[in-house]
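Engineer: Predicted model, plus sequence, below.
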Amino acid sequence: MSDLIVWYDGACPLCRREIALMRRLDRRGAIRFLDVACGAGGDCPVDRADLLERFHAREDGRLLSGAAAFAAMWRAIPLLRPLGIAARVPIVLALLERAYRAFLVVRPRLQRLAEKSAPC
């Protein structure tokens, strides 16, 4: 069984691309990816709407969201592990969370652009 669970929005073209990359990098199979858009919420205590709105992960039994969830995913992938470890420093995590919140504001526009550029 995977050490880390990541919930993602499979209906989001940006999310699909990012998760596809993370799956390729996760050669050890340390991450269990669950597509919330397909109803794969699993045993997550967060409701589906919240899972679709914000990135979530469970690491060592702790539920994480936003930048902390990304950092957990990075720690599970050897190539990205240094970034995930750096995010354990509170100021670094705070800066990453601020960047993530800014991304969430423009995410709908980026999704529309990604859908237009997706091959048919």
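Structural biologist: Great, that's in hand. Numbering: from 1, shown residues only.
Engineer: so residue 45 sits in a helix?
Structural biologist: No: counting by DSSP: H, G, I helix; E, B strand; the rest coil, residue 45 is not part of a helix but coil.
Engineer: so where is the protein shaky, pLDDT-wise?
Structural biologist: For the chain, applying pLDDT under 70 flags the ranges 1-2, 40-42, 117-120.
Engineer: Could you pick out the longest helix of it?
Structural biologist: Longest helix in the chain, counting residues (DSSP state H): helix 90-117.
Engineer: buried sites along it?
Structural biologist: For helix 90-117, burial by neighbour count (16 or more other C-beta atoms under 10 Å) applies to 93, 96, 97, 100, 107, 111, 114. Every residue, glycine included, has its C-beta placed from N, CA and C.
Engineer: Identify the residue spatially nearest to the second one, adjacent ones excluded.
Structural biologist: When you say that, I think you mean residue 96. Distances taken as C-beta to C-beta, 6 or more residues apart in numbering put residue 67 closest to residue 96, at 3.7 Å, once the chain neighbours are dropped.
Engineer: What is the burial count for the one you found?
Structural biologist: 21 (other C-beta atoms under 10 Å).
Engineer: From residue 115, how far out is it?
Structural biologist: 25 Å (C-beta to C-beta, to the nearest Å).
Engineer: There's contact between residue 58 and residue 31 in this structure, I believe.
Structural biologist: No: here residue 58 does not reach residue 31: they are 10.6 Å apart, not a contact under C-beta atoms under 8 Å.
Engineer: Overlap in contacts, these two.
Structural biologist: Taking C-beta atoms under 8 Å, 6 or more residues apart in numbering as the contact rule, residue 58 and residue 31 both touch 4, 5.
Engineer: Kind regards, and thank you for your time.
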